[in-house]
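Peer 1: My questions concern the predicted model and sequence given below.
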Amino acid sequence: MGSSAGEVIGVSDGEGDCAEWVFPAAPDAVRTARSLVRRTLGEWRLDSVGDIAALLVSELVTNALRHAAGPIGVRLVRSPNGAAGVAGAAGVDGVLLVEVSDPLPDPPRERVARPDDEDGRGLQLVASAARRWGTRPGEAGKTVWFELALPR
């Protein structure tokens, strides 16, 4: 019936540390993405941000699955020594950039969830937990990104 969300279509290593995966829009993409993020951050000795990074990736991949029908990309980039605008920040030893891409061009809309709503808190969670976050258009679709400060 096609590919499994557990299939890793591409993994790349570049300047600093970088890992990248593409998943089909299937329900198990969330679990697989979360697992790969945790494993990669463990290999990079960044366990201190593993839980929050995996949680935020879960939220963004879930949003992508809910609204888009095509492949979902997840990318992690570790920038050492305060790159990405935090050079010299006290207690910060770099930044983890996390990107989740999907083929839907419309930017996500942050909304206020009522206490009994089942969903609608993903972007609020990203906004409150991440150092910075945003969206940008891609060639086909968009990317939602967030940064986590890496402690010394």
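Peer 2: Happy to help now that I have it.

Peer 1: Could you use CA atoms for every contact and neighbour count after this?
Peer 2: Noted.

Peer 1: Which helix or strand in the protein has the lowest average pLDDT?
Peer 2: One helix or strand of the chain scores below all others by mean pLDDT, DSSP states H and E: helix 122-129, with a mean of 83.

Peer 1: Show me which residues of it are buried.
Peer 2: By 16 or more other Cα atoms under 10 Å, the buried positions in helix 122-129 come out as 122-123, 126-127, 129.

Peer 1: mind checking the longest helix of the protein?
Peer 2: With secondary structure taken from DSSP state H, the chain has its longest helix at helix 50-67.

Peer 1: Please enumerate the strands of the protein.
Peer 2: 17-23, 72-80, 92-102, 132-137, 142-151 (DSSP state E).

Peer 1: Return the distance of the longest helix of the chain from the chain's centre.
Peer 2: Centre-to-centre, helix 50-67 and its host chain are 6 Å apart (Cα atoms, centre = their mean, to the nearest Å).

Peer 1: please begin residue numbering at 27 from this point
Peer 2: With the count now opening at 27, the last piece we talked about shows up as helix 76-93.

Peer 1: Tell me the buried residues in that helix?
Peer 2: So for helix 76-93, counting by 16+ other Cα under 10 Å, buried means 76, 78-91.

Peer 1: helices or strands next to that helix in the packing?
Peer 2: helix 55-69, strand 98-106, strand 118-128, helix 148-155 (3 or more Cα pairs under 8 Å, 6 or more residues apart in numbering; DSSP states H and E).
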